[in-house]
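1. Kindly generate the corresponding structure for this input.
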Amino acid sequence: MMRLPWFQYRAPQSVAEAARILAGEGDAMLIAGGTDLLPNMKRRQMAPKMLVSLSSIDALKRNGSVYGAGLTLTQVVNSNAPKALRQAAHQVATVHLRNMGTLGGNLCLDTRCNYYNQNYEWRKAIDFCLKKDGDVCWVATASKRCVAASSTDCAPALLALGARVHLVSSSGEREIGLEELYNNDGMDYLKRRPDEILTEVLIPPSLASTYWKLRRRGAFDFPVLGVAAAASPQGVRIALGAVASRPFLVHKANDFLEGKELTDEVIDEAAKLVASRAKPMDNADLDLYWRKDVAVELARYALRELRGDDMRETRLRIARQLV
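-> Numbers count the residues shown, from 1 in each chain. Here you go, the predicted model:
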């Protein structure tokens, strides 16, 4: 049985109180649903001396054009959020985990890798990796950068929607585009400072949006590819997840789509541009070359759905193939 290490626990009642605690503690981490953090602590990938709970802060549970980071994924699914975000939240893990996991937690999800997401004894036996306790990336041994993959479902959807996030600390507040929250580094994957709290997500109006996810099983699994697309008065935006250490907008495809009608020919060309930016590594489930090829198909499906095509049968067919 894997046990949690010892830690202190604080349950502030406001964002300001939580920020003060973070500022005063050198080794504290935030916890909301804990569906990612607690397993990592059991595997000794993280061992904070204090956990600062956000679950009692009502201000983090707002719903509307601004979505509180403390909303559970189930609440997001049942909200009036844009379709892509509801689809992404609905495909995270299982019902039980969605009832616990939060929107903010999913955006700040730890990166994943076959060599990292193992128990302590397994990692010790092969020698530790670059992300935790070692000095070699076992996926790309010549790399000086960790290539663990981003596994958030909600981030690609929100990137396509043009979302912004609000960050609060004891020294001030700031609002940034969601794309600015991430680094393409499996270890240093967030630009959120340790003393900052992600409090809310701001989503501008959109005309249509969708999210497509590839995983081995039709439920529970992390994504090995996520494709999101959204149409707004500013144009069409496509974002990718799980093919790098950060979710990202596919700017080349988005620039190509600017001002164009979504004809079959335009969709095919844009899908190829999306796939050219998908560079999965051999550190997750399924064959990486096949996953790159599938990026073309999922991008094509997403754009067809954005156009208004009925893609329900295609979704059902994919779901039946996942075992």
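2. per-residue confidence at the most centrally placed residue in the chain?
-> Closest residue to the average C-alpha location of the chain: Thr152 at 1.8 Å, with C-alpha atoms, centre = their mean. Looking at Thr152, its pLDDT stands at 98.
3. Make residue 1 into 443 and carry on from there
-> Sure thing, new numbering starts at 443, so read that last one as Thr594.
4. where does it fall, phi/psi-wise?
-> Here is the backbone geometry of Thr594 (degrees, to the nearest 10): phi -80, psi 140.
5. Then Val519?
-> According to degrees, to the nearest 10, the main-chain angles of Val519 amount to phi -60, psi -40.
6. Quick check: it vs Arg528, distance?
-> Distance, Val519 to Arg528, by C-beta to C-beta, to the nearest Å: 5 Å. (Glycine included, C-beta is placed from N, CA and C.)
7. do Arg445 as well
-> 36 Å.
8. now Glu615
-> Glu615 sits 28 Å away from Arg528, going by C-beta to C-beta.
9. ok, now Ala673?
-> 16 Å.
10. Val518 now?
-> For Val518, the distance to Arg528 equals 7 Å [C-beta to C-beta].
11. Compare these two and say which is more crowded by neighbours.
-> Set side by side, Val518 and Arg528 show more neighbours around Val518, with 24 against 20, by other C-beta atoms under 10 Å.
12. Look at the more buried one and give its secondary structure.
-> Classification of Val518 by DSSP: H, G, I helix; E, B strand; the rest coil places it in helix.
13. List phi and psi for the nearest residue to it once chain neighbours are set aside.
-> Nearest residue to Val518 in three dimensions, chain neighbours excluded: Ala531, at 4.2 Å (C-beta to C-beta, 6 or more residues apart in numbering). Ala531 adopts backbone torsions of phi -60, psi -40, taken as degrees, to the nearest 10.
14. Which pLDDT value belongs to Ala531?
-> Listed pLDDT for Ala531 reads 98.
15. Tell me how many other residues surround it.
-> Counted with other C-beta under 10 Å, residues neighbouring Ala531 total 26.
16. cool, and Asp577?
-> As a burial measure, Asp577 scores 9 neighbours (other C-beta under 10 Å).
17. so who does it touch?
-> By C-beta atoms under 8 Å, 6 or more residues apart in numbering, the contact list for Asp577 is empty.
18. distance of Ser507 from Lys721?
-> Separation of Ser507 from Lys721 (C-beta to C-beta): 34 Å.
19. got the buried residues for the longest helix anywhere in the chain?
-> For the chain, the helix with the greatest residue count under DSSP state H is helix 730-749. Buried residues in helix 730-749, defined by neighbour count with 16 or more other C-beta atoms under 10 Å: 730, 733-734, 736-749.
20. quick one: the helices in the stretch 593-742 of the chain?
-> For the stretch 593-742 of the chain, the helices defined by DSSP state H, counting those that start in this stretch occupy 596-602, 693-699, 706-719, 730-749.
21. is it possible to export those to JSON lines including distance to Asp500?
-> Written out in JSON lines, the entries for these read as follows (distance: least, C-beta to C-beta, whole Å):
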{"stretch": "helix 596-602", "distance to Asp500": "21"}
{"stretch": "helix 693-699", "distance to Asp500": "37"}
{"stretch": "helix 706-719", "distance to Asp500": "40"}
{"stretch": "helix 730-749", "distance to Asp500": "35"}
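22. Any idea which of those helices gets closest to Ala582?
-> Of all those, helix 730-749 sits nearest to Ala582, with 11.9 Å by C-beta to C-beta.
23. okay, the next helix or strand after the closest one in PDB with CA atoms only?
-> The helix or strand immediately downstream of helix 730-749 is helix 754-763, counting by DSSP states H and E. In PDB, the C-alpha atoms belonging to helix 754-763 read as follows (Å, rounded to 0.1, in the frame of the first residue of the first chain):
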ATOM      1  CA  ARG A 754     -22.300  11.900 -33.800                       C
ATOM      2  CA  GLU A 755     -21.900   8.600 -35.700                       C
ATOM      3  CA  THR A 756     -18.100   9.200 -36.000                       C
ATOM      4  CA  ARG A 757     -17.800   9.800 -32.300                       C
ATOM      5  CA  LEU A 758     -19.700   6.600 -31.600                       C
ATOM      6  CA  ARG A 759     -17.600   4.600 -34.000                       C
ATOM      7  CA  ILE A 760     -14.400   5.800 -32.300                       C
ATOM      8  CA  ALA A 761     -15.800   5.100 -28.900                       C
ATOM      9  CA  ARG A 762     -16.600   1.500 -29.900                       C
ATOM     10  CA  GLN A 763     -13.100   1.000 -31.200                       C
END
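24. and the gap between the residue nearest to the residue nearest to the centre of the chain when sequence neighbours are not counted and Ser497?
-> Nearest-residue entry for Thr594: Leu551, 4.5 Å, with adjacent residues in sequence omitted and distances by C-beta to C-beta, 6+ apart. Distance from Leu551 to Ser497, counting by C-beta to C-beta: 17 Å.
25. The two: which has the busier surroundings?
-> More crowded of Leu551 and Ser497, by other C-beta under 10 Å: Leu551, with 22 against 15.
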